[in-house]
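# Predicted coordinates and the sequence they were generated for:
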Amino acid sequence: MPTLFTRIINKELPGTFVYEDEVAVAFLSINPITPGHTLVVPRLEVDQWTDAPDDLLAHLTAVARKIGNAVKTAFDAPRAGLIVAGLEVPHLHIHVMPVWSLGDFDFAKASSATAEELDDAAAKLRAALGGGSAGGA
């Protein structure tokens, strides 16, 4: 049975994509901790990051760095935070978000985003990534 993220990747469920390539995608969290909170997800269904092949982890890290630089630019943040929690969905994903303090890493601060907030964050991120679409590099 496909994971929730596989269904989003396959466009069976909605997702606000900001990046896609042949190996990974990045889409906005519907429950962001901070505006611009993005999930970097491999197309391959891998449950835990410790189960992922080395080349996949390297690729995901490179995409996360690209998204991290974009969230810093798009949201005028001093840092990009990165979390690999792995408890919410059994499909490897990296949380990347703009952060201003350690308190920004608190999942208890996550709240539902409106469609307008997601669209606004996506437009800012796509512009920071250098394009208006969700294309890859």
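Nice, thanks for sending it over. Residues are numbered from 1 along each chain as shown.
# So what's the gap between the helix of greatest length in the chain and the chain middle?
Secondary structure of the chain read by DSSP state H shows that its longest helix is helix 54-74. When distances are taken as C-alpha atoms, centre = their mean, to the nearest Å, helix 54-74 is centred 9 Å away from the chain's centroid.
# Make residue 1 into 53 and carry on from there
Sure thing, new numbering starts at 53, so read that last one as helix 106-126.
# Tell me which residues are up against that helix.
70-71, 73, 75-76, 78, 88, 90, 92, 94, 96, 98, 101, 104, 129-132, 134, 144, 146, 148-150, 173, 176-177, 179-181, 189 (C-beta atoms under 8 Å, 6 or more residues apart in numbering). To be clear about C-beta, it is placed using only N, CA and C from the backbone, and glycine gets the same treatment.
# and if we set it to 6 Å?
For helix 106-126, the surrounding residues in contact (C-beta atoms under 6 Å, 6 or more residues apart in numbering) are 75-76, 78, 88, 90, 92, 94, 132, 134, 146, 148, 150, 176-177, 180-181.
# Please enumerate the strands of this protein.
69-72, 76-80, 90-94, 131-135, 146-151 (DSSP state E).
# Does anything pack onto the fourth one? Which helices or strands?
Where contact means 3 or more C-beta pairs under 6 Å, 6 or more residues apart in numbering; DSSP states H and E, strand 131-135 is packed against helix 106-126, strand 146-151.
# so where's this protein uncertain?
184-189 (pLDDT under 70).
# what about 80?
Within the chain, the ranges that satisfy pLDDT under 80 run 183-189.
# I'd like to know how many residues surround the closest residue to Gly138 other than its chain neighbours.
Closest residue in space to Gly138, ignoring its immediate chain neighbours: Gln100 at 5.5 Å, by C-beta to C-beta, 6 or more residues apart in numbering. Look at Gln100: counted by other C-beta atoms under 10 Å, it has 11 neighbours.
# now the one 4 residues further on
With neighbours defined by other C-beta under 10 Å, the count for Ala104 comes to 17.
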